[in-house]
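Colleague: Quick one, what's the 3D model for this:
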Amino acid sequence: MRYTSTRGNENILPSREAVLKGLSPDGGLFMPLDLDFHSFKAEELYQLPYREMAERILSFFFDDFSDIKEVVRQAYENSFDTEEITPVKAVGDHYVLELFHGPTLAFKDVALQLLPRLMAAAAKETGSASDILILTATSGDTGKAAMEGFKDVPGIRILVFYPYGGVSPVQQLQMTTQRGNNVRTCAVRGNFDDAQTGVKQIFETLSETCAAKGTVLSSANSINIGRLVPQIVYYFKAYSDLIRSGRIAAGDPVNFTVPTGNFGDILAGYFARCMGLPVKKLICASNTNNILTDFLTTGVYDRNRPFYKTISPSMDILVSSNLERLLYMLSGNDASYTASLMRDLSEKGRYEVTPELLQKIRETFACGFADDEATKKTIGRVFKENGYLMDPHTAIAWAVSEDFSSSGDPDASLPNIVLSTASPYKFPQAVSDSLRLPLSDSEFELMDAIRASSGVPIPENLAELRTLPVRFTDVITKEEMNDFVLKLIEK
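Modeller: Reported below is the predicted structural model:
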């Protein structure tokens with residue numbers, strides 16, 4: 001399997017090197033060059049347990065790794081609180097795919113328990129003698145999940161940038177108290193897009209300098225193909241769960257509703273569809289920063305707009321990086337066209353796709369958004385009616401899926417699976433407000449009130465944050481990110 005950039009075909013690499021590099025030198029994202037999606041036998045996976053599904057799917061994309069089975073075992077053995085890894089629960093008329101049963105209580109764990117093992121295996125098998133520095137921007141959940149996954153992995157260090165004041169207090173505590181001798185986090189004054197753009201610019205401007213000092217830069221964001229591919233697995237797992245429970249028969253079409261910021265999670269669903277999973281519609285659910293809703297409706301992607309801080313901070317994003325991969329695929333792998341769109345986005349802050357390309361996108365993708373008020377109402381109503389407690393991101397997906405169900409779309413009556421991306425206890429302020437509980441400035445008092453009201457236990461990994469010491473307090477401007485990285489390398 002060979003990989004190439006979405007912006008040019010000059011840099012062709014085997015999958016091990018694509019995973020190690022993370023981002024192409026031309027700023028593009030790695031994609032399979034000659035992958036025949038139709039050769040994958042989706043129906044052969046429906047009766048397999050999670051780990052075996054993961055082995056099949058990873059081996060399909062990463063065929064030059066010698067022992068994918070061992071990589072998967074290390075990632076998922078005893079690291080999740082259920083053997084199912086990503087269980088599906090029936091809630092009212094919906095099915096909820098719970099992706100928060102890992103060590104940091106967010107969907108990012110599914111991939112970020114695996115990516116460090118993939119990278120370590122790739123470094124060993126390619127004979128790489130360099131140290132690896134993982135650079136990651138986070139809107140909340142990726143940072144902690146990446147730091148936990150890479151904690152004390154030999155030969156690899158990780159630096160996470162997050163927007164100052166742009167993540168929930170619990171998310172910030174998870175990152176700033178992280179254990180491990182090879183981890184570091186730093187706040188950036190600005191929003192997530194500032195941090196993400198800064199990381200991309202570091203790759204473009206400092207990669208050669210770092211390499212000369214014996215350090216290879218890589219990424220743990222979903223711009224890394226090694227982070228994206230593991231997320232495909234839980235779409236197959238959710239579908240097979242519905243078959244096993246007798247709710248659908250093999251081959252029946254279903255819809256998935258995905259709370260979406262950087263477009264990686266929903267793109268994994270599109271990959272699953274291309275591989276033969278009977279996905280009819282992928283419903284893109286946004287918050288008030290509804291740039292994807294506008295794009296999927298008009299074909300115009302325009303980040304020249306107000307940026308809103310919301311109660312669903314992991315979706316407070318105006319530059320959805322993984323959308324580039326979808327544009328590349330649906331334009332017939334036209335790297336020059338994709339590069340021109342990304343150039344327009346960089347120089348003008350906007351681009352517009354052709355009507356033909358927009359039509360292709362809308363054949364699979366539907367969209368909608370919910371503001372903070374609708375999000376809180378959904379959390380309160382679903383708990384009152386069904387006894388099910390959800391976080392703000394999941395609530396947005398639920399609200400948008402309800403809107404789609406009543407939209408009159410021909411596919412609206414199909415079974416709908418809502419992706420639940422985080423524990424409600426990661427956002428106690430928003431959840432307690434939604435349940436109309438007493439106000440408090442203490443995140444932990446709010447957690448206690450939610451537990452007393454709902455009966456849902458506080459996850460141990462969050463409860464321990466009460467007593468863990470804060471290790472990292474750096475706050476810098478986006479212009480200082482390059483120097484921060486260089487100083488870290490010098491150490």
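
Colleague: Apart from its neighbours in sequence, what residue is nearest Ser331?
Modeller: Setting aside the residues directly before and after it, Ser331 is nearest to Tyr337 in space (CB to CB, 6 or more residues apart in numbering), at 5.1 Å. No exception for glycine: its C-beta is placed from N, CA and C like everyone else's.

Colleague: you'd agree the one you found is up against Met329?
Modeller: No - with contact defined as CB atoms under 8 Å, Tyr337 does not reach Met329; the gap is 11.7 Å.

Colleague: which regions of the protein sit below the pLDDT cut-off?
Modeller: Counting by pLDDT under 70, the ranges of the chain that qualify are 9, 128-129.

Colleague: Tyr337 and Met329 - which one has more neighbours?
Modeller: The residue with the greater number of neighbours, taking Tyr337 and Met329 and applying other CB atoms under 10 Å, is Met329; the counts read 20 against 17.

Colleague: which parts of the strand or helix carrying the residue nearest to Ser331 are buried?
Modeller: Of the helices and strands defined by DSSP states H and E, Tyr337 is found in helix 335-348. By neighbour count on 16 or more other CB atoms under 10 Å, the buried set for helix 335-348 is 335, 337-339, 341-342, 345.

Colleague: Ile379 - nearest residue in space that isn't next to it in sequence?
Modeller: The nearest residue in space to Ile379 (CB to CB, 6+ apart) is Ser434, at 3.7 Å.

Colleague: So that neighbour sits against Ala374, correct?
Modeller: No - counting by CB under 8 Å, Ser434 stays clear of Ala374, with 10.8 Å between them.

Colleague: who touches the residue lying farthest from the centre of the chain in this structure?
Modeller: The outermost residue of the chain relative to its centre, with distances by CA atoms, centre = their mean, is Pro438 at 32.4 Å. Going by CB atoms under 8 Å, 6 or more residues apart in numbering, Pro438 touches 432, 449.

Colleague: SS state for it?
Modeller: Using DSSP: H, G, I helix; E, B strand; the rest coil, the three-state assignment for Pro438 comes out as coil.

Colleague: could you pull out the strands for the stretch 251-400 of the chain?
Modeller: Ranges of strands in the stretch 251-400 of the chain, per DSSP state E, counting those that start in this stretch, are 254-259, 279-286, 300-302, 350-352, 365-369.

Colleague: among those strands, which is the most enclosed?
Modeller: Per-residue neighbour counts averaged over each of the strands of the stretch 251-400 of the chain give the maximum for strand 254-259, namely a mean of 27 (mean count of other CB atoms under 10 Å).

Colleague: send the alpha carbons of it over as CSV?
Modeller: Presented in CSV, the C-alpha positions along strand 254-259 are these (Å, rounded to 0.1, in the frame of the first residue of the first chain):
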residue,chain,number,x,y,z
VAL,A,254,-28.5,2.8,8.3
ASN,A,255,-27.7,6.4,9.0
PHE,A,256,-25.1,7.8,11.4
THR,A,257,-25.3,11.3,13.0
VAL,A,258,-21.9,12.6,14.0
PRO,A,259,-21.0,15.7,16.1
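
Colleague: what's around the residue nearest to Ile379, how many residues?
Modeller: Summarising burial for Ser434: neighbours were counted as other CB under 10 Å, giving 27.

Colleague: Next up, the contacts around it.
Modeller: Residues in contact with Ser434, defined by CB under 8 Å, 6+ apart, are 375-380, 383, 395.

Colleague: And for Gly165, the neighbour number?
Modeller: Using other CB under 10 Å, Gly165 has 14 neighbouring residues.

Colleague: Can I take it that it is in a helix?
Modeller: No - following the definition three-state DSSP, Gly165 is coil and is not counted among the residues of a helix.

Colleague: which residues touch it?
Modeller: Lys309.

Colleague: So it versus Ser423, what's the distance?
Modeller: Separation of Gly165 from Ser423 (CB to CB, to the nearest Å): 22 Å.

Colleague: in the top helix by length along the chain, what's buried?
Modeller: The longest helix of the chain (DSSP state H) is helix 192-212. Along helix 192-212, these residues count as buried under the neighbour rule (16+ other CB under 10 Å): 192-200, 202-203, 206-207, 210.

Colleague: One more: stretch 30-45?
Modeller: Applying a neighbour-count criterion of 16+ other CB under 10 Å, one finds 30-32, 35, 40, 42, 45 buried in stretch 30-45.

Colleague: Looking at the residues you listed, which is nearest Glu356?
Modeller: Ranked by distance to Glu356 (CB to CB), the buried residues of stretch 30-45 are led by Met31 at 20.5 Å.

Colleague: what's near enough to touch that closest one?
Modeller: When the contact criterion is CB under 8 Å, 6+ apart, the partners of Met31 are 3-6, 225, 325, 328-329, 333.

Colleague: Looking at the residues you listed, which is nearest Ile266?
Modeller: Arg325 (11.1 Å).

Colleague: Near the closest residue to the closest one other than its chain neighbours, how many other residues are there?
Modeller: Closest residue to Arg325 apart from its sequence neighbours, by CB to CB, 6+ apart: Leu29 at 5.5 Å. Neighbouring residues of Leu29 were enumerated by other CB under 10 Å; the total is 26.

Colleague: Good, we can wrap up now.
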